[in-house]
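>>> Any chance you could fold what I've pasted below:
(one chain, ligands or ions: 1)
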Amino acid sequence: MRLNSQDAYQLLIKDVITSEEDWNQPENRWLKHCIYVGEAAGRIAAQMELDSDFARALGYVHDIGRKVSHPRHVIEGYSYLMRLGYDEMARSCLTHSFIDNDINLTAGGPLRTDTQAMMLPYLDSHPVNIYDNIVQLCDLFCLDTGYTTVEKRMLDISKRKGVFSNSLEHFHSALNLKVRIEEQLGCSLYDLFPEISKEDILHIRKDRDELERLLVVPMIKKK
Ligand SMILES: [Fe+2]
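Okay, the predicted model is just below:
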């Protein structure tokens with residue numbers, strides 16, 4: 001079952017935003033990221049002549065599991081929406097973290113064996129579709145303050161989450177995903193999002209070079 005984008009938005013903020021001041025709480029910043037991902041997914045889908053309302057709804061709920069837990073938000077979001085019967089929305093909670101629904105192409109290092117065992121059967125039985133890909137890409141250029149470049153966002157993620165054995169492949173897969181989406185858009189992703197600052201665009205080469213240097217020396221992931 002699906003949610004339209006208005007209902008998805010309401011479900012996202014339910015019990016988190018109870019007054020206007022709640023938007024300014026630092027612990028609620030993730031909601032703004034979700035809203036930017038939803039808006040971006042809708043814009044990309046519209047340009048591709050896909051169902052833009054569905055894409056927007058998927059983007060809104062992709063991190064909804066953060067209502068329950070940040071580290072387990074993928075599983076928690078999936079379980080939450082499945083309990084409500086929104087199986088088509090639950091999909092984006094699980095697939096958004098894995099480029100092309102490939103369990104190895106994720107930020108923050110390879111998953112623990114037990115987490116992998118939980119997610120792998122679902123990912124294996126749900127081959128990637130264009131809506132998965134759109135949300136996966138949007139997650140990689142949407143901040144909680146707006147849009148940026150994939151290069152800047154991934155540099156920031158790598159500095160915060162660390163560099164692991166799969167990080168370089170993950171970065172290259174993200175760039176490859178961007179190129180594939182741009183082929184379908186018929187224009188550059190960054191042309192579709194003129195809100196991205198000139199400074200971020202000017203720094204693409206520098207950010208990419210810094211990432212390449214950073215990612216060739218993976219640490220051993222501690223869990
Ligand atoms: Fe996200």
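
>>> Could you use CA atoms for every contact and neighbour count after this?
Noted.

>>> which residues touch residue 190?
By C-alpha atoms under 8 Å, 6 or more residues apart in numbering, the contact list for residue 190 reads 149, 196.

>>> And residue 62, how close does it get to residue 169?
Distance, residue 62 to residue 169, using C-alpha to C-alpha, to the nearest Å: 23 Å.

>>> sorry, that was for residue 11
Noted for residue 11: a distance of 34 Å to residue 169, by C-alpha to C-alpha.

>>> before we move on, the earlier item: residue 62 and residue 169: which is more packed in?
Using other C-alpha atoms under 10 Å as the criterion, residue 62 and residue 169 rank with residue 62 on top: 30 against 15.

>>> Got phi/psi on the more buried one?
Per-residue torsions, residue 62: phi -60, psi -30 (degrees, to the nearest 10).

>>> show me what contacts the closest residue to it other than its chain neighbours?
Once flanking residues are discounted, residue 62 sits nearest to residue 93: 4.5 Å by C-alpha to C-alpha, 6 or more residues apart in numbering. Counting by C-alpha under 8 Å, 6+ apart, residue 93 makes contact with 61, 62, 63, 64, 65, 73, 74, 75, 77, 78.

>>> Run a quick neighbour tally on residue 125.
By other C-alpha under 10 Å, the burial measure for residue 125, its neighbour count, is 9.

>>> so what's it scoring on pLDDT?
The per-residue pLDDT reported for residue 125 equals 97.

>>> And residue 220, by the same measure?
The model's pLDDT for residue 220 equals 51.

>>> Restricting to C-alpha, output the helix or strand residue 79 falls within in PDB.
In this structure, residue 79 sits in helix 73-83 according to DSSP states H and E. Listed next in PDB are the C-alpha coordinates belonging to helix 73-83 (Å, rounded to 0.1, in the frame of the first residue of the first chain):
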ATOM      1  CA  HIS A  73      16.800   3.700  11.500                       C
ATOM      2  CA  VAL A  74      16.800   1.500   8.400                       C
ATOM      3  CA  ILE A  75      15.300  -1.500  10.200                       C
ATOM      4  CA  GLU A  76      13.100   0.600  12.500                       C
ATOM      5  CA  GLY A  77      11.600   2.600   9.600                       C
ATOM      6  CA  TYR A  78      10.900  -0.500   7.600                       C
ATOM      7  CA  SER A  79       9.200  -2.200  10.600                       C
ATOM      8  CA  TYR A  80       7.200   0.900  11.500                       C
ATOM      9  CA  LEU A  81       5.700   1.300   8.000                       C
ATOM     10  CA  MET A  82       5.200  -2.400   7.500                       C
ATOM     11  CA  ARG A  83       3.200  -2.500  10.700                       C
END
